[in-house]
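Engineer: Let's see this in three dimensions:
(one chain, ligands or ions: 1)
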Amino acid sequence: MTLDPVAALQAALRAPTVNDGSGAETQAFAQLHEALREHFPLLHANLDLTPVGEHGLLFRWPGASAEKPVVLMAHQDVVPIAGVWTHDPFGGEIVDGVIHGRGTLDDKGQLVAICAAVEGLLADGFAPAYDVWLSFGSDEETTGAAARAAVEELRSQGVEPWFVLDEGGAVAFDAFPGVAAPIGVVGVAEKGTTDVRLKVTGDGGHSSTPRQNGPTARLARAITRLDRMSMPVGLPAPTVEMFERIAPYAARPMRPVLANAGRLAPALARLLTRLGPEPAALTRTTVAITTLEGSPAANVIASAASAGVNLRIMVGETVAEVVERLRAAIADKHVEIEVVRAGEPSPISPRDEAFSLVTDTIAAIFPEAVPAPYTVMAATDSRFFYEISDRVYRFAPFRMTAAQRATIHAADENIRVDDYLDGIRFYRRLIESL
Ligand SMILES: [Zn+2]
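Structural biologist: This is a model prediction of the structure:
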């Protein structure tokens, strides 16, 4: 079968790999693996495959030298269908040069583009200079267990990657107000995702004889205090560097401000907090109240009330110090704060030779884009790879408009066929340049 990368992506999109633990996902991952085997026979014949975790895949493409191994990552699972879709989310339909479906951008487009680049290079008889590992997690959207298993496997083999490249950034259009050029953002760090639970216990009872300041009222007061609290504001090094790199492309009045982002960091950070929730999230740890639980019945006073709080912790801070800030803001010793899941922010990957290899490849394939480092707001599987590598970068080689970025985890996710094919060219060139 000759390589048809578009048909390969369509086939991958048709496997509904929502990893919700319902049992149905086993069949979906089997379908996806079958599609990959069918479309990428040379890859499967030439690379060594180690299954990791439940449905994770770890491939090794032996290079001329075992030094400086590289890991290319993507994840096979997708989030559930949300909202009303114009096209079948698992249909892989192509309409007017656009491929529609859950996972086109997050993250099957990237997964299949990596495979297509490798398959094409193998067909040309190419062998990489260094070992190229492909690590495809199967539960990125939930636990990341498969990626952790891949890290364990690499560690057990003594593999210390020169660099790791995962999802996260993109060739982002309309990414920054006043900057017309798309920005090729490469994530060099990610915020930490941490869940805590606030819990208040006390007297419950019949709602005909209420008392003041019961668990529900105390919890409500704690929540409003968190809602009003202010976290320290600043600009981490990658953000300063991003501003300096995009400065020449910014609207004229913004240029000197961005070019001097380092010196003006405190003022710039305060300005960003006033430009809306997205720019504000660049500058500080965010606190979001998510779940709430209290009385189960209209005539019962709760003896326990709880709220879930999702924290996105700024690079440079720690879970412990943020929890202490929550405690100080709530200022009520009756409110217990339990850390349900602690996720520290990542270290910051260096901007050295490996980073330049990525940004030079961006410049070659997307000459219209300005490559720049940045901090990823969400969590990716690649965070586990800091255990075995200093250089973890996050970049999906696809053009994404603001409207397309808004479809990730929402309805009508899509990618243009041409943009997908340029993504394959990106990986091809990256592997050739090693
Ligand atoms: Zn993703």
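
Engineer: ok, for Pro397, nearest residue in space, not its chain neighbours?
Structural biologist: Computed as C-beta to C-beta, 6 or more residues apart in numbering, the closest residue to Pro397 that is not its neighbour in sequence is Phe426, at 3.5 Å. C-beta here means a position set from N, CA and C on the backbone, and glycine is covered the same way.

Engineer: Residues contacting the stretch of helix or strand the one you found belongs to, please?
Structural biologist: Phe426 is located in helix 417-432, with elements delineated by DSSP states H and E. The set of residues external to helix 417-432 that reach it, using C-beta atoms under 8 Å, 6 or more residues apart in numbering, is 5-6, 9, 72, 94, 97-99, 104, 109-110, 113-114, 116-118, 120-121, 126, 128, 132, 165, 357-358, 361-362, 364-366, 396-399.

Engineer: Stretch 34-48 too?
Structural biologist: Stretch 34-48 is touched from outside by 1, 3-5, 7-8, 11-12, 14-15, 59-62, 112, 115-116, 118-119, 122-123, 134, with contacts defined as C-beta under 8 Å, 6+ apart.

Engineer: Which of the residues you listed fall in strands?
Structural biologist: Secondary structure defined by DSSP state E assigns 59-61, 134 of these to strands.

Engineer: Need the pLDDT of Met1.
Structural biologist: Looking at Met1, its pLDDT stands at 63.

Engineer: same question, Arg252
Structural biologist: With respect to pLDDT, Arg252 has a value of 93.

Engineer: so who does Pro182 touch?
Structural biologist: Counting by C-beta under 8 Å, 6+ apart, Pro182 makes contact with 171-173, 175, 366, 368-370, 399.

Engineer: rewinding a little: of the ones in strands among the contacts of stretch 34-48, which is the nearest to the ion?
Structural biologist: Each of the ones in strands among the contacts of stretch 34-48 was scored against the ion by C-beta to the ion, and Leu134 proved nearest at 15.9 Å.

Engineer: Quick check: the residue positioned nearest the centre of the chain vs the ion, distance?
Structural biologist: Averaging the C-alpha coordinates of the chain gives a centre point, and the residue nearest to it by C-alpha atoms, centre = their mean is Thr380 (3.9 Å). With distances taken as C-beta to the ion, to the nearest Å, Thr380 is found 7 Å from the ion.

Engineer: check contacts around that residue.
Structural biologist: For Thr380, the set of contacting residues under the criterion of C-beta under 8 Å, 6+ apart consists of 140, 166-168, 187, 190, 394.

Engineer: Farthest pair within those?
Structural biologist: Pairwise distances among the contacts of Thr380 were taken by C-beta to C-beta; the largest, 14.3 Å, belongs to Glu140 and Gly187.

Engineer: What are the buried residues along the helix holding Phe426?
Structural biologist: Within helix 417-432, the residues that qualify as buried are 419-420, 422-431, counting by 16 or more other C-beta atoms under 10 Å.
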